[in-house]
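In: sequence unavailable; structure follows:
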C-alpha cells in the first residue's frame, strides 16, 4: 500500500481538499486497494477542527466527499507515509525542520504544483484570508496537480 500525505499549514483548507480530491480520483481509477491518503498541517492551530466552511462548500460543489478533522504532522507520519506532498515552499521547509527535530526524513517530498503542467507559481495560495473565489482557484490548481501526481505514481509505482 502506497501512503500519501498532503500537508499545509493549518489542515483546514488546502490539504484536506487535496486529500479528498485525490481519494475521489483513486476511486475512479480503481486504486483504492493500492493507495491511501491523509492530510495534516505543520502547525497546531486547528487540531480537531472540521475543515473551513468554504472548503466544505467548494468540495460539495464539485461532489467531492470531505470528512476530516485537523491534525498536526507528527513523528509517526515520517515512518507511515511514502509520499509527502506540501502545498507551498514554507510548509516544505517546516516539514524538513520537523523531520530534523524528529531525527528522520520524509521518504519523498514534493510540492504539489510540481505535478501541474507549466505552473505559474510553485505555491498553492492559502485561501484562508480571502473569499470563496480563492477556494475555487485552489480547487482548480489541486485538481490539475493531482492528475499529474497520479500519472507520476502510475509510472513510478507501475500501477
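Out: Thanks, I have the structure now. Keep in mind the model is a prediction, meaning the values are calculated, not measured.
In: now the protein, which segments are flagged as low pLDDT?
Out: By pLDDT under 70, the chain contains no weakly predicted segment.
In: how about a cut-off of 90?
Out: 28, 30, 32, 118-120, 159 (pLDDT under 90).
In: now the strands for it?
Out: Along the chain, the stretches classed as strands by DSSP state E are 2-8, 35-41, 83-86, 108-111.
In: nearest approach to residue 128 belongs to which of these?
Out: With Cβ to Cβ as the criterion, residue 128 lies closest to strand 2-8 of the strands of the chain, at 9.5 Å. No exception for glycine: its C-beta is placed from N, CA and C like everyone else's.
In: residues of the closest one that come out buried?
Out: Within strand 2-8, the residues that count as buried by 16 or more other Cβ atoms under 10 Å are 4, 5, 6, 7, 8.
In: surely the last one meets residue 85?
Out: When you say that, I think you mean residue 8. No. Taking contacts as Cβ atoms under 8 Å, residue 8 lies outside contact range of residue 85: 9.8 Å.
In: find the residues that touch each one of those two.
Out: Shared contacts of residue 8 and residue 85 (Cβ atoms under 8 Å, 6 or more residues apart in numbering): residue 18.
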